[in-house]
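Undergrad: For reference, the sequence and a predicted model appear below.
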Amino acid sequence: MTRYLVKRILYMLVTLFVIASLTFFLMKLIPGTPFASANKLSPAQMAIMKAKYGLDEPVAVQYVKYLGNLVQGDLGIAFQFGNTPVSDLLANRIGPSIHLGLQAMIIGSIIGMILGVFAALRQNTWVDYSSTFLAVIGKAIPNFVFAGLLQFFVAVKLGWFPVLFWKGPEYTVLPTIALMMFPVAIAARFMRTEMIEILGSDYITLAKAKGASYFDIAFKHALRNALIPLVTVLGPLTASMMTGSLVVERIFAIPGIGEQFVKSISVNDYNVIMGTNLFFAALFVVIILIVDILYGVIDPRIRLAGGKK
Amino acid sequence: MASNLEKLPKEKFAPAILDSSKSEEINKPSLSFWQDAWMRVRKNKAAVVSLVVMVLLIIMAFLGPLISGREYDTQNVAHANLPPKIPGLENVSWLPFDGEKKLPNGNVINPYEQKKVDEYYWFGTDPLGRDLFTRLWKGTQVSLYIAFLAAIIDMIIGVAYGAISGYYGGRLDNVMQRITEVLIGIPTLVVVILMILVLEPGILSITIAMSITGWVGMSRVVRAQTLKLREQEFVLASKTLGNSDGRIIFKHLLPNLAGVIIINTMFTIPNAIFFEAFLSFIGLGLQAPNASLGTLIDEGYKVLRLHPHEMIIPAIVISVIMVAFNMLADGLRDALDPKMRD
Amino acid sequence: MKKSKFSLLLILTLVFSLFLAACSGDKSSKTDEGNGKGGNAGDVAQEIKAFDQSEIPTMDTSLAEGSTSFTYINNVGEGLYRLDQDNKPVPALSDGEPTISDDQTVYTFKIRDAKWSNGDPITAHDFVYAWQRAIDPKTASPYGPYMMSGKIKGAQAITDAASAEPPKPYDVKSLGVVAKDDKTLEVTFEQPIPYWADLFAFPTFYPINEKFVKEKGEAYATNKDNLLYNGPFVMTDWDGPSDTEWVLEKNENYWDIDAVKLTKMTFNSVKDPASAVNAFEAGEVDITAKLSSDLVQQYQGDDRLVNKLEKTVFWLKMNQTGDSAGNKAFQNVNIRRAIAQGFDKEAFVASVLNNGSLPANGQMPKEFVTDPVSGKDWREVNGDLIKYDAEAAKASWEKGLKELGIKELEVRFLGDDTENAKKTAEYFKNQLEKNLPGLTLKVESVPFAVRLERDNAQDYDLQVAGWGPDFRDPMTFSDLFVTGGGSNRMGYSNPEYDKLIKTSLTQLGGKPEEYYKSLLQAEKILLEQDAAIAPIYQRNSAQLMATKVKDVAAYDYGPDYCYKWTSVAAE
């Protein structure tokens, strides 16, 4: 196991290096400069600006310098925010995004799993259909619509929660609900299928025959087996939800990283794009590793280290 | 439990007949796998209804633009933002097809009278005065194509990639998984912007954009399921019988993967539909003035409070498509599942 | 037993999420305290909450270029002049009107006794330093060279020297601004400038305390502590350009403190206009940022809707520079005229914009400048220079095609990045293709940075562009399209036009009547004769403001709003 882990962590570094390099060169293919005032600057001023940030050098040189700085933990400065270091920007913006993402993820998957279990236990009844219906609607209607409707009806009309911002626990409720529709839908649907499959298998029949209660069957025997596809999907989803949702952050005016990232791409803010993306990629590969390890924990029959002979 | 057993009356028990000829008897007609599956789909009412709805929607997607008598791209700004009005239904007060609309301040007005419009726009018009009925079905065509495309890409690339990666495992799995990590690690938006600079906007560029990373989620789910299944006895049995790896994957593993494949497709399809809307928004998707359900919802949302019909109608259609698809898929899955035969 | 395990998991999760929620709770205490009404009976707390559509890009007067930056710089800073509530420049840090030389090129200002927020006195040297900093090419100020070149003596020479190949040495001390003593500032113009007072009210010309900048180095203007204030307000909360919440409070050192009524203003950046309106409806904010057009319709007739006819005009630029089919065709005046007359502007503002914007039939906006000869609005004098006329458009189109010897034309339409970009593109495609048979419009949507680059490289056929004024003078619009001008970027060149502009600039600065005559003539050449651009509309903006908020000054150029005179009335 230790050997496997060490190997995987080495691979992880290679993967991150490849991602960083590819992203860097792809971005350099996009024309334009990161200076918002590009069209107001004289050629002389432009040259000075480019020299100041090393953008006048050949791409290969920029690349080597970038990697050099990266190794030392320097992500450069955010062009769109004057001289703000990218690390500061990330530090300020990533908190709300991670908080919101995790909260929506955890609550959403729990609700989803419960829905899925009930749907499976009452297969092809109204319980099943309405659970499916809920899950499907949760996915078919884009979350900006949910977010907008929640904001208007629950916050403005009913006045139960604040309309905007991110200043305390009560501020997190509506964004969390808007964002958790997706994990609810995923968890509910996967849970239902896996449960149905498992409920039909021999060892459940045995458990039933031995007089185990529905609850025990569902949560002791079946749940564990249903977890494989769930962690597969929910793992990477956690990574992407923690790096921020463009629309939910925008609608609730949450100072997160999601919208920042998209804006940075449209204004060619190389350093912010690279910094945010590396953070995301690192989070992602770590979660993938955790998921792979979890497979073995959930189902001891799964062996990842050795290949199929 | 044990105490219950004791209370059971004796007469409920009868000795089993130990006749070998009886136990060999076939008491059901012989059916092929597909006949059997179809029979069981038919028994599932929700699946049958869904099938009918799906067929109706597909017919409407192609018939709708023809029967409205209007073009999807004709602008008539004098007729902008009209609410739905359908002849015959306009006098049914509880239906929203009377050509009237309620303003956010509570007043009810009739834009058809105010603007002196004699025509009937069944589903109303958009801010440029285009007929939404025609645009809706035009958009449904595009979105159905997108849905179909996403499903195909998922099925072909995603399932194969995942099954191979999971089945063979070891070094191959390692390399294949690192490739998908890199694919996900590169921001899609950067790739898409680069494509804008190279490609013409349109169906082709949508297809390419979706093919790049659209299948990764499916491949991961299939891989995980395969990892679980490949260690099970029936695979070992098949192997012992001398079956090739290809045959094992397609004959034995795939049917067991049907459940997760279907569910994952359900998530890919709306993702693809809204990815297309997003591509259209940044200029890589459909060329204006074409529409899709995704773009109609995007545009309608902006005027939701003033002209709710512009978003609600396409949102209903997309939801109906998704619900029908899922109910049908659930029915199919139950029918195909080898363990669930009765 | 099994059951309790599961509920334990649930409880743990809830606790966990509450704990997470608590982590971010620290900011709430800071903002809630501003909520309360004034303690004294009958008194209304002079505090407001407002939204802005973006964060503050920079508070450095030399680097500022957008109206958001200008607005906050104007509220916490001050120059020789300040725009008053009626948009007129009035002396501010200048103690009364300056002495003006007979040839109207040398202005001598007395600096008022006023203090920076750190207690240092404001001196003439602060102005000299600020202006030299802004013109220095090393600063890369977007507005410095633009506002000074051809106006302040020596500015053009400095820019030219730095742009020469190879760069020549230059000396920022050669700029025509000198501190005669601590309280006397002498400014020398190249020639008489009719709008000089507007220049001195512009944020780029605000003083900067040199000692403070040197002390802070790179950190200058990066947050509230690295700034000095001399305006009606000071910033008490702003962590830098990425901060989404900032607070302005009354400046106790301000020389005109009696005029300032507000004690505190809290601003937040809210990017989604619909969300901003929701917050306004819930009473969480007093002033929203500009509304998108769909929301404007919703509040039509509501007395909380504040309309402002901006002096920003949008037009189609028709690029004549390159080799593309469209570029070549646009070298033909008939083709250009066909495009300019070929779309219905009334219907455009009514359906696509629908926010009170007006159709534009000239380059100069309405209600911006008045002709000194007739005393009438510029637009009244010059009238509609190029109007929608489908038939005339078709006629010139056919004539143009004949001259070019082609039957069909495909033109690239570079999409813009405004909220209505997509609808705008659809509208123009439909209108132009309908009215001009044989025309195909190919819409190209690209991200912001790419669009800038394509505009810079003049790689487009047709694009929507807009211009807002920087001072109250027709020249802010008129000199845009001189040959090789920084904002031309479409290869338009007419010697007659260039001559009119140049004469007005260099010789007529002191003669307003001839100056206007010459510039009025130039607009006619640009549009009536050459159809160089196709004017579309003059923008109107609307925002929601609680009726209790009084006297917010709204400006046509530079800053958007000033809160110096603003007060909160009892409801």
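TA: Good, I have the coordinates.

Undergrad: The residue of chain C found nearest chain B - how many residues pack around it?
TA: Distances from chain C to chain B, computed as C-beta to the nearest C-beta, single out C:Ser445 as the nearest residue at 2.3 Å. C-betas here are computed from N, CA, C, even on glycine. As a burial measure, C:Ser445 scores 24 neighbours (other C-beta atoms under 10 Å in any protein chain shown).

Undergrad: Ok, the one 5 residues further on next?
TA: When neighbours are defined as other C-beta under 10 Å, C:Val450 has 22 of them.

Undergrad: part of a helix, is it?
TA: Yes. Secondary structure assignment (DSSP: H, G, I helix; E, B strand; the rest coil) places C:Val450 inside a helix.

Undergrad: Any stretches of the chain with poor pLDDT?
TA: No chain in the question, so chain A it is. A:1, A:36-39, A:218-219, A:221-222, A:244, A:301-309 (pLDDT under 70).

Undergrad: nope, chain C please
TA: Going by pLDDT under 70, which is the cut-off in play, chain C has low-confidence ranges at C:1-42, C:416-419.

Undergrad: Centre-most residue in it?
TA: In chain C, the residue lying closest to the centroid (C-alpha atoms, centre = their mean) is C:Ser67, at 4.4 Å.

Undergrad: Hmm, that one is touching C:Gly558, no?
TA: Yes. Taking contacts as C-beta atoms under 8 Å, C:Ser67 lies within contact range of C:Gly558: 7.5 Å.

Undergrad: Buried ones in the longest helix along chain A, by neighbour count?
TA: With secondary structure taken from DSSP state H, chain A has its longest helix at helix A:86-121. Residues of helix A:86-121 classed as buried: A:86-90, A:92-121 (neighbour count, 16 or more other C-beta atoms under 10 Å in any protein chain shown).

Undergrad: Which other helices and strands does it contact?
TA: For helix A:86-121, the contact count by 3 or more C-beta pairs under 8 Å, 6 or more residues apart in numbering or on different chains; DSSP states H and E identifies helix A:126-140, helix A:169-199, helix A:223-242, helix A:246-251, helix A:258-266, helix A:270-298, helix C:2-23 as packing neighbours.

Undergrad: Repeat the analysis, applying 10 Å as the threshold.
TA: Taking 3 or more C-beta pairs under 10 Å, 6 or more residues apart in numbering or on different chains; DSSP states H and E as the contact definition, the neighbouring helices and strands of helix A:86-121 are helix A:126-140, helix A:169-199, helix A:214-216, helix A:223-242, helix A:246-251, helix A:258-266, helix A:270-298, helix C:2-23.

Undergrad: Kindly reformat the ones you listed as TSV and extend each row with distance to chain B.
TA: Listed next are the helices and strands packed on helix A:86-121 as TSV, based on distance: least, C-beta to the nearest C-beta, whole Å:
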stretch	distance to chain B
helix A:126-140	4
helix A:169-199	4
helix A:214-216	14
helix A:223-242	4
helix A:246-251	10
helix A:258-266	5
helix A:270-298	4
helix C:2-23	17
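
Undergrad: Which one of those lies nearest to C:Lys328?
TA: Proximity to C:Lys328 (C-beta to C-beta) singles out helix A:258-266 among these, at 30.9 Å.

Undergrad: so how far is that closest one off the chain centroid?
TA: Chain-centre distance of helix A:258-266: 15 Å, with C-alpha atoms, centre = their mean, to the nearest Å.

Undergrad: How about that helix and chain C, touching?
TA: Yes. Counting by C-beta under 10 Å from any C-beta of the partner chain, chain C is contacted by helix A:258-266 at A:Glu259, A:Gln260, A:Val262, A:Lys263, A:Ser264, A:Ile265, A:Ser266.
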